[in-house]
Each structure stands twice: as C-alpha cells, then as structure tokens.
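**Q** Next input, structure requested:
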Amino acid sequence: MAVTRTTRLWRILALAAFTAGVLLAPADGGAAERKFKRKECLDCHTEEAKKFSAFRYSHEAVKKGECEACHQRHGIVPKLLLKESGNRLCYSCHKPASIGMDQPNVHAVLKTGSCTQCHAVHGSNAPHMLKAEGSAVCWECHDRKAFERKNVHPVLAKEGCGACHATHASAQKALLKAEEGQLCVKCHAPTSGGFAKAHGGYPVAGKRCSACHEPHSSDQPKLMKASVHSALSGGCDQCHAAPSSPKPFAVQAAGGKLCANCHDAKDVTKGQKVVHAPVRKEECGACHDPHASNSPAMTRAAGAALCTGCHAGKDAKKLVAHKPMSGPKACLGCHQPHSAPVKGLLATEVSKGCATCHPKVAEEGKRKVVHVPFKDGDCATCHDPHGSDFPGMMASRQDKLCFGCHADAETRFVKAHTHKPVLEGKCSACHAGHSTDRPKLLKTDGAKLCQGCHGELMKLASAGVVHKPFAEGACLTCHDPHGANAGGMIVKDQKALCLSCHAKVAASSDSAKSVHAAFASGECTKCHNPHGAKLKGLLNASGPDLCFSCHTKQKEKMAGETRHAPADDCLSCHSPHQSAQPKLTSEPVLALCEQCHDVKAPQFSTRHAGIDAKVMHCVACHDPHSSKDPKFLKTAVHPPFAARQCDSCHLPVGGK
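**A** You can find the predicted model right below:
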C-alpha cells in the first residue's frame, strides 16, 4: 500500500509524542534518588566540630554551619580550599568601608599582613573573635615593656589599648580615636583645681599632652617622660609668657636665643671650628625636645634614629654594620653632637679615631710598605664608616674600590684569561689592604703566595726534575698574576716564552727541513711539564708513550706487528724539536741504519742483490717501526721484488 504524505506526517508526530512521554514520565523510586547523597562538612571534620562548639564567640558562618560561605566544597585556592586568598575573603562580607579602611591611617597589619594576625577565623574565647583577650593581642606585635613600667596609665590597665586606639583605622595618627588633646580631657577634667595647679595655671586643655607625659606607662610620677627639661621644675614661665597673659604659650625669645638664656653658646661650641648646622642656625629644637623626652639629653629620638632624621641613608641596613652604630652611643661613638675640631663633626682625626677601637690595625703602619690611604690616615677612602654590604666594611666591591685609584689596572686586567681572584674582585686574596713588608703590598713572598690556592701544584717541587723558575719560586717569570691573553695566564705565547730562555733550541730551527708540529705551533707543554716531572727534560711521559699520546695510529699499528728494536726509543732515530733531515730524523737514513747494520758485510750485499748500500734508501722497502714481515718489509710488495727478480725491471750493472 502506498504511503501518502499525510500518513508519513502522522507517524512522525506519534514518534515525537512517545519520546516526550518517556523523557517526562516520573522515574521509579530508586531512580529518583541522587547517585551521591550530600554530606555536611562537619560530618567528616568531627574534631573541628567539637572545637568550634566550645568557643564563646563563633564566626556567624560557623554558627549556621555555612562552611561554604568561605570554603569551596572541592576547592580553588590550595590547602584550605578558600574561595579567595588573604583579606579579600574577609572583605566579601566585612566591607572595607565598614571597618574604616577609607581612613587616612590604617593599621599596619591590615596594610601588609592579614586579618588572621589578630582574629581567629572560626571562633575564640575572646570578644570579636580575637586570638587573645584585651591588650594581649596587641602585644603579639608591640613590645609590652613599654606598657608595663612602674606607673601604668589607669585607663590602659582597666580598659586596654582600645580605650584610646581604634583597631583598624583612624583619621588620627597612631590610630587614636580622637585628637590627642581632646582624647585626654574625656577623663581628665581641665577645670578642676588640682589639674590647673599641676600645670601652673596654664590652659593646657586640648594641647599635646604627650609633650611631657607618657601615654602608656612610665617610671616617673605623673607618667612624666624619663628626661624632663630642668626648667619645668621652676615653672613653665621660665620659657613661656605668664599663664594670665593673652598668649600664655608664647615663648620669651625665638629658637636658640631662648635656649641661650640658660645655655651659653660658648659652652656648647667650645670654640671649635666645625659647628653642627642646627647649632649654627640656633635651631636647638631640631634635635632636642623643649619639654621632655624618653631619650638622654632630651633628644627627640634615641641613638642613630635622631641623626638619620636629617642624614638619610646612613641608617640603611647593611650586611656588615659598624659596631658603634648599633651600640648605646650610636653616632656619638665617632661624632660630636654640637661642635668638633675635625670635619664631619669627628671627635678626632679619622685615623686616630679608628685606632681607638682598632689598635692592632694602627700598628700595621710601622711596616716597610704602607698603603697610601692608610699612611695618610684616610680610612674612609676604602671603608664605609657606617656600614657596608661588603666584607671588611669596604665602601664597594674590592676591585671597583681599587680601580678608583689604580684606573690603568682595570684596562690592563681585561684579558682572555683572568686570574680567579681578579675575576671575583678579591684583590685582598694576594694584597694586604693596609701594609706589608713586601713589595706591591703582597701578603707573603713569591711562590708561598701562590701556594695558598695552588697547593697541589706546589707538590711538584719535590719531583725528580724541577723547572728552574719554579724551583726558585719565581712564578712571575712565566705567569702574569692578574690576567693574560695566553692560556695558563703566561706572559707570552708558549713558544716565545720558552724560547726566551731556551735560545739554542730556537737558533737550530732556522735551517731545519722538518719541525715537530707541537714545537712549530708553540705547544711545548704537549711534551714538557712546565713546573716539574719525574723524568729528565721535564717530559710528561717516558719513551714511546710520550710520542704515542699524539701518534695514536702508529701505536695501533705497532701493537699488532713485529716491532723494530729502535722503535722502543723514538729518540734513537728522531730529534724532538727540529732536524736538517726529513721526518725529524737525527741523521740521514743510511747513517742511522749503519749504526746497527754492517752494510759492508758480504751477507748484506748478498741479501740486497749486490747493490751498493750508498745508492739505496732503506725505508723505500723497509718499515722503520714495525711490520708483519720478519725482515720489516712493507705490507704492499711488488711481485717481482718479492720473487727477487730485480732484472725484470732493472738493467744489470753497467747497462748490458
């Protein structure tokens, strides 16, 4: 039966309806369940669950069991599987503005550290989920000694740091909750009789109380600072106008002129020619606090911190610090504060000042050869008196420092081969920095200096044969101590260097027909040890072993053949450097052969077909080194010659 177009359309619609029914039909009970049943985090992390439940103060997310508020179930960030790293995770709920992060002064720990330095992440037994209660959390970073002196500010003891300081950020410096003067009057009533009497009737309310008082604790009564201006005991009107005047805090004279009322300028400068700039400009307040300070002599800061306020960079942390800089005197270990007889406010001349602590170094000036800067007392030419990143408190890397005076050396030392100490900038490996009893400030004599590094090489001095310069410790006869363009840091190329002493060898090479390749290329050390050897002639090896180190093919050939007896002593036939004969033979070939073979004997004539030896060339037929033939004939032999049929090619004597 033919299928009409309408029939086909109905079939398609029926199939689509069936498929949709299958897909949308509810599954049976078993299939409705998920493959994995979701578990809560604390179902596995049971130990954490016990710990969290014991906290007095818990993170809101922990209370609600919403671990995924912070953690990813499968994880993004390593280890803790956190959604975000660092403070950004906290800021997703605790908006920065809500904790004052928009304020100009932000707690350093929030700027550079993490919220977790103060807060526990899940919970704690301290309010605000702090890691410790009250001020104890602050003392994790801040030295508690400053808060536990003899007399402690009552508000600190009772309410802790948070009484005056904001925890995260503030509009005020030091994270104060209000301006200093306004903050203090919240507890101290400035209108009370006792308060007014204690301050001499001056209207100090709203002023900077920390000018005289310690805000945390002090060993002095009334929380006064450790060092108080003696004028205060006589009343503030020693320097200021009367408390009843229109301007009670106006000073009676400006700057140093006010100080001079009590402190005679002559007593301060002591008539010395170098005067500290603030003293010269009558700016005593640049260094001294006019009221009180925790530093000796009422300085505005203790130790080097006072000086580096103006002399920036001198306090930079260096790998090697000058001991006085970190000591109790700091800068005053070398400098005078007001005036001095020497430039730089030094208490004495540089060399004398350094010798005070370095007496042994000062004694070095008595030696025969003294380094010019040391002789002139200019220690600071080479050393940084405050601190350095280089050993010995050098002002810079040794070589750069030395090149500052020895400028020509920097160019001279740039060679293809540089001595390792020079390359590393360690001039002091060989030279003394201050003085010595030897030329060029060398630390010790000749070869002893070289021996410090080349100890193994020096053992050759006890070999059977020692090169004369080496035996005499005259290393510089052959070597440049800084660098050279020739290998081994020799002063000339090998051939020129060796021939400068061994002139006879050079003279005989002019008329030579053959020259040893190693000698021609100036590679004397291929055969000779330049320092010492057990063999005569400073040879590197004995007999044919030396020659075979280059002539390897000859060695291989001779190993499988009968060796010619003289071949065990190459020099029995050959000259080592050059020769008037080909192939470096020491004499013409026949003359060499005649030394062992009697060419006039009847049997010699018989064996050689009666041919006169004088017209023969032995090596034309014989291998002089080795052969598989007992008569040392060459491997490839002309058949008539092998059959001794010379007349096949040659005419009889006389040509008939």
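**Q** so where is this protein shaky, pLDDT-wise?
**A** Judged by pLDDT under 70, the chain has its weakly predicted residues at 1-37, 75-80, 315-316, 461, 508-510, 653-656.
**Q** In the stretch 201-350 of the chain, what residue spans correspond to helices?
**A** 255-259, 265-269, 277-280, 304-307, 323-326, 350-357 (DSSP state H, counting those that start in this stretch).
**Q** typed the wrong thing, it's the stretch 1-150 of the chain
**A** So, for the stretch 1-150 of the chain - with DSSP H, counting those that start in this stretch - the helices run 5-24, 29-32, 41-44, 46-53, 60-63, 87-91, 108-112.
**Q** now do the stretch 401-550 of the chain
**A** In the stretch 401-550 of the chain, the segments counted as helices under DSSP H, counting those that start in this stretch are 407-412, 420-423, 446-451, 455-458, 468-471, 494-499, 503-508, 517-520, 543-548.
**Q** What residues of the fourth one count as buried?
**A** Judged by neighbour count using 16 or more other CB atoms under 10 Å, the buried positions of helix 455-458 are residue 458. Every residue, glycine included, has its C-beta placed from N, CA and C.
**Q** List of residues touching it?
**A** Helix 455-458 has contacts (CB atoms under 8 Å, 6 or more residues apart in numbering) with 447, 450, 451, 531.
**Q** Make CSV from the residues you listed and add distance to residue 263 to it.
**A** What follows is these, written out as CSV (distance: CB to CB, whole Å):
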residue, distance to residue 263
447, 66
450, 63
451, 64
531, 74
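**Q** Tell me which of the helices of the stretch 201-350 of the chain sits most buried.
**A** Stretch with highest mean neighbour count among the helices of the stretch 201-350 of the chain: helix 304-307 (a mean of 19; mean count of other CB atoms under 10 Å).
**Q** Other residues contacting it?
**A** Under the contact criterion CB under 8 Å, 6+ apart, helix 304-307 has outside partners 287, 295, 299, 300, 314, 315, 325, 330, 331, 335.
**Q** repeat that for 6 Å
**A** Outside of helix 304-307, the residues within contact range by CB atoms under 6 Å, 6 or more residues apart in numbering are 299, 315, 325, 330, 331.
**Q** show me the residues around the third one that make contact.
**A** Applying CB under 6 Å, 6+ apart to residue 325 gives the contacts 304, 386.
**Q** sorry, back to before: just the helices of the stretch 401-550 of the chain: most buried one?
**A** For the helices of the stretch 401-550 of the chain, average neighbour numbers computed from mean count of other CB under 10 Å are highest in helix 494-499, which has a mean of 18.
**Q** helices or strands up against it?
**A** Identification of packing neighbours for helix 494-499 by 3 or more CB pairs under 6 Å, 6 or more residues apart in numbering; DSSP states H and E yields no helix or strand.
**Q** For it, C-alpha coordinates in CSV please.
**A** The C-alpha trace of helix 494-499 is given here as CSV (Å, rounded to 0.1, in the frame of the first residue of the first chain):
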residue,chain,number,x,y,z
GLN,A,494,104.2,29.3,24.9
LYS,A,495,106.8,29.2,22.2
ALA,A,496,108.0,32.8,22.7
LEU,A,497,108.1,32.3,26.5
CYS,A,498,110.1,29.0,26.4
LEU,A,499,112.5,30.3,23.7
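**Q** Report the distance from it to the chain centre.
**A** 41 Å (CA atoms, centre = their mean, to the nearest Å).
**Q** which residues sit against that helix?
**A** For helix 494-499, contacts defined as CB under 6 Å, 6+ apart pick out 490, 506, 522, 524.
**Q** How many residues are close by the third one?
**A** Other residues near residue 522 come to 17 when the count uses other CB atoms under 10 Å.
**Q** how about it, what does it touch?
**A** 493, 494, 495 are the contacts of residue 522 under CB under 6 Å, 6+ apart.
**Q** okay, those in JSON lines with distance to residue 167 next?
**A** Compiled in JSON lines, the contacts of residue 522 are given as follows (distance: CB to CB, whole Å):
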{"residue": "493", "distance to residue 167": "77"}
{"residue": "494", "distance to residue 167": "78"}
{"residue": "495", "distance to residue 167": "82"}
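**Q** Domain-wise, how is the chain divided?
**A** What automatic domain parsing lists as the domains of the chain is 465-560+575-583, 587-656.
**Q** so which of these comes closest to residue 100?
**A** Residue 100 lies closest to domain 465-560+575-583 among the domains of the chain, at 63.8 Å (CB to CB).
**Q** Distance of the nearest residue to residue 207 once chain neighbours are set aside relative to residue 568?
**A** For residue 207, ignoring the flanking residues on the chain, the nearest one in space by CB to CB, 6 or more residues apart in numbering is residue 181 at 5.2 Å. As judged by CB to CB, to the nearest Å, residue 181 and residue 568 stand 108 Å apart.
**Q** These two: which is more packed in?
**A** A count of neighbours by other CB under 10 Å puts residue 181 above the other of residue 181 and residue 568, at 15 against 11.
**Q** ok, back up a step: so for residue 130, which of the helices of the stretch 401-550 of the chain sits nearest?
**A** helix 420-423 (56.9 Å).
**Q** Can I get the closest one in PDB, CA atoms only?
**A** The C-alpha trace of helix 420-423 is given here as PDB (Å, rounded to 0.1, in the frame of the first residue of the first chain):
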ATOM      1  CA  LYS A 420      90.200  33.900  39.600                       C
ATOM      2  CA  PRO A 421      90.700  36.400  42.500                       C
ATOM      3  CA  VAL A 422      90.700  39.300  40.000                       C
ATOM      4  CA  LEU A 423      87.600  37.900  38.200                       C
END
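**Q** Make 856 the starting number, not 1.
**A** New numbering, starting at 856: the last item is helix 1275-1278.
**Q** ends of stretch 1156-1172, how far apart?
**A** With CA to CA, to the nearest Å applied, stretch 1156-1172 spans 18 Å between its terminal residues.
**Q** do the same with stretch 1318-1336
**A** This stretch, stretch 1318-1336, spans 24 Å end to end (CA to CA).
**Q** got the contact list for that stretch?
**A** Residues from elsewhere that reach stretch 1318-1336 (CB under 6 Å, 6+ apart): 1301-1302, 1305, 1344-1346, 1385-1389, 1391, 1393.
**Q** for stretch 1229-1246, same thing?
**A** Residues outside stretch 1229-1246 that contact it (CB under 6 Å, 6+ apart) are 1169, 1173-1177, 1180, 1205-1206, 1209, 1228, 1248-1250, 1256, 1289.
**Q** of the residues you listed, buried ones?
**A** By neighbour count, with 16+ other CB under 10 Å, the contacts of stretch 1229-1246 hold 1177, 1180, 1205, 1206, 1209, 1228, 1248, 1249, 1250, 1256, 1289 as buried.
**Q** which of those lies closest to residue 1121?
**A** Proximity of the buried ones among the contacts of stretch 1229-1246 to residue 1121 was ranked by CB to CB; the top entry is residue 1205 with 27.0 Å.
**Q** picking that back up, assign the residue nearest to residue 1062 to helix, strand or coil.
**A** Under DSSP: H, G, I helix; E, B strand; the rest coil, residue 1036 falls in the helix class.
**Q** And for the one 5 residues further on?
**A** Here residue 1041 is recorded as coil under three-state DSSP.
**Q** Would you mark the buried spots in stretch 894-908?
**A** 897, 907.
**Q** what's the first-to-last distance across that stretch?
**A** Start-to-end span of stretch 894-908 (CA to CA) is 19 Å.
**Q** now what about it, what contacts it?
**A** Residues outside stretch 894-908 that contact it (CB under 6 Å, 6+ apart): 917, 922, 977, 978.
**Q** returning to what we had before: would you list the contacts of helix 1159-1162 in TSV and tack on distance to residue 1319?
**A** Shown next, in TSV, are these (distance: CB to CB, whole Å):
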residue	distance to residue 1319
1154	75
1170	63
1180	59
1185	64
1186	65
